[in-house]
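Participant: next one to model:
(chains A and B)
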Amino acid sequence: MWWRRWLRRLRGLATMLPQLPALGVGLGFREPFRGDLFLRRGEVDFLEITADHYLDAPPEKMRELDLLAQHFTLIPHGLNLSLGSAEGLDSSYVQKLAAVVERLNPPWWSEHIAFTRAGGRDIGHLTPLPYTREAIEVLVRNIAEVRRRIDEPLILENISYTFTLPGAQMSEAEFLAEVLERADCGLLLDVMNLHANAVNQGYDAQRFLDTIPLERVVQLHFVGGHWSEGVLVDSHSQPTSPEVWVLLEAVVARAPVKGIILERDENIPPFDELAAELERARSIGREHRRWA
Amino acid sequence: MGLAQVQRLLAELYTDPALRERFFAEPQQVGAPYGLTADETHQLGQLPAKQVSFFASSLRRKRLNDVARLLPLTRRALGKTFARLFWRYADTFIPQGVKKQRQDALAFSSFVQRIARVQPVEPPRAVELLRYEAAWVRAAAPGACLIVRRFQEPISSLLRGAEPGKEREEHARSIPTQPTIAFWFRPAPGSRLRHPVLSLPRLRRGV
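Facilitator: Numbers count the residues shown, from 1 in each chain, chains lettered A, B, ... in the order given. As a prediction, this is how the structure comes out:
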């Protein structure tokens, strides 16, 4: 495996992106549909697992992970690495995360362009960064540190936000583009987050797509949200809306997407409904020749 | 803008409602100790307070949902009281680290038990149920060795008490007291968690 690591470092991620495997369409793993998942294995191409659930986890949880890995390609998705933290990374957290990623040997793993802690305080959720050069430097520095420990390709997800931090020196799309290029990472484009941000912040999602490096898109997230007090919330709690389907298809048509994950966390419906959404996304990918 | 200083203040604004209220009332005074320039503090003071509060509320709701997932039977037994108690608890403790959901559930459990010592929590059996579920949360920690808990009744009747409804509560009141001791342990590191339960001789309780 050492030669793969050496090759990755030498070639850089951008040249390797086209060679990442096309995984198809899958689900963010959630316990409520674990039984259905194994019974209907053929309808799910791969799974995304929340890496944090398997850090400092009891033996039963690790056996669950191993069982899932026997039947599915698993993509670890981190939540609390806090790549945007100016105070740097939690090295103990990085060690634990690295152990999970190495255990799974995935084609890629993912985290977020966000921060989740500062000044010794854990915020408990992903929070936005200011679109500034300083924030880009922080991200690039932290990602370089993670890469010294985790060799598997890292892709970064855009988060949703309801307010923009002051001092912005560029737009969100420009910020994302520069982070991806400078850090040489792939993009996990969350289409629901993009739609929610476009609606809540009043910008054009298609223009956003024109600005970001679509050739770096590796994976998509999609799901439905809900309205609360005039804000579109990415609650992961509803069927995918028509607007998000349109956006998803626009991305798949233009970007070399390798995988799409349905990220339903709340208000989980019967498995038939999830499977129907998976098949619709799979058809879109097939139509645009992303997979057979 | 000193990003580290800004993030430190933001982390507290998102998680401390009292600080948030004071900051938007007087940003320069509240922001000064964080090492920000006057201009930086002024800019942060221009954040839309309503949206920041909306985001902060969503963080608390997320905590509530995460804890409810770890204590599902207690949530069912307490009904709306679960959320009411959680909101009272939420500002007293901010969980940290990799297993913050577990920390949060255990801290909430301790909080409710303290409340129950000085004022009634309805239904009364819900607190015993909470102790039971909290023991499972504690036992799930990788380094957990042996956990022992004593209950006033068999675990099976405790779990039946998780069903809401007056009829169930009235039925439950007639169940005789039967001291029960529950254990959680792993015979060896990495082995399966064992949970033997020992019920002592039944005692009649007045209806």
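Participant: quick one: the helices in chain B?
Facilitator: With DSSP state H as the criterion, chain B has helices at B:3-15, B:17-25, B:27-31, B:38-45, B:49-70, B:72-78, B:80-90, B:100-118, B:125-139, B:155-160, B:166-173.
Participant: could you do the stretch 1-150 of chain A as well?
Facilitator: With helices called from DSSP state H, counting those that start in this stretch, the stretch 1-150 of chain A shows them at A:2-11, A:13-16, A:34-39, A:59-71, A:91-104, A:133-147.
Participant: report the buried residues of the fourth one.
Facilitator: The reference is to helix A:59-71. Under the neighbour-count criterion of 16 or more other CB atoms under 10 Å in any protein chain shown, helix A:59-71 has A:64-65, A:68-69 buried. To be clear about C-beta, it is placed using only N, CA and C from the backbone, and glycine gets the same treatment.
Participant: same question for the fifth one.
Facilitator: Of the residues in helix A:91-104, those buried by neighbour count under the rule 16+ other CB under 10 Å are A:93-94, A:96-98, A:100-101, A:104.
Participant: circling back to that earlier point, dump the buried residues of helix A:59-71 to JSON lines, plus pLDDT.
Facilitator: Formatted as JSON lines, the buried residues of helix A:59-71 follow (pLDDT from 0 to 100):
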{"residue": "A:Glu64", "pLDDT": "95"}
{"residue": "A:Leu65", "pLDDT": "97"}
{"residue": "A:Leu68", "pLDDT": "97"}
{"residue": "A:Ala69", "pLDDT": "97"}
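Participant: out of those, which comes closest to chain B?
Facilitator: A:Glu64 (12.3 Å; CB to the nearest CB).
Participant: just send the buried residues of helix A:91-104 back as JSON lines, with pLDDT and distance to B:Gln152 too.
Facilitator: Formatted as JSON lines, those follow (pLDDT from 0 to 100; distance: CB to CB, whole Å):
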{"residue": "A:Tyr93", "pLDDT": "96", "distance to B:Gln152": "41"}
{"residue": "A:Val94", "pLDDT": "98", "distance to B:Gln152": "46"}
{"residue": "A:Lys96", "pLDDT": "97", "distance to B:Gln152": "40"}
{"residue": "A:Leu97", "pLDDT": "98", "distance to B:Gln152": "43"}
{"residue": "A:Ala98", "pLDDT": "98", "distance to B:Gln152": "47"}
{"residue": "A:Val100", "pLDDT": "98", "distance to B:Gln152": "41"}
{"residue": "A:Val101", "pLDDT": "98", "distance to B:Gln152": "46"}
{"residue": "A:Leu104", "pLDDT": "98", "distance to B:Gln152": "45"}
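Participant: can you narrow the residues you listed to ones near chain B?
Facilitator: Among the buried residues of helix A:91-104, the ones lying near chain B by CB under 8 Å from any CB of the partner chain are A:93, A:96.
Participant: select, from the buried residues of helix A:91-104, the two members most distant in space.
Facilitator: Among the buried residues of helix A:91-104, the pair separated by the greatest distance (CB to CB) is A:Tyr93 and A:Leu104, at 17.1 Å.
Participant: write out the residues of chain A neighbouring chain B.
Facilitator: Neighbours of chain B within chain A, by CB under 8 Å from any CB: A:52, A:55-61, A:80, A:85-87, A:93, A:96, A:115, A:117-125, A:127, A:130, A:132, A:134-135, A:138, A:162-163, A:165-167, A:229, A:231, A:233, A:266.
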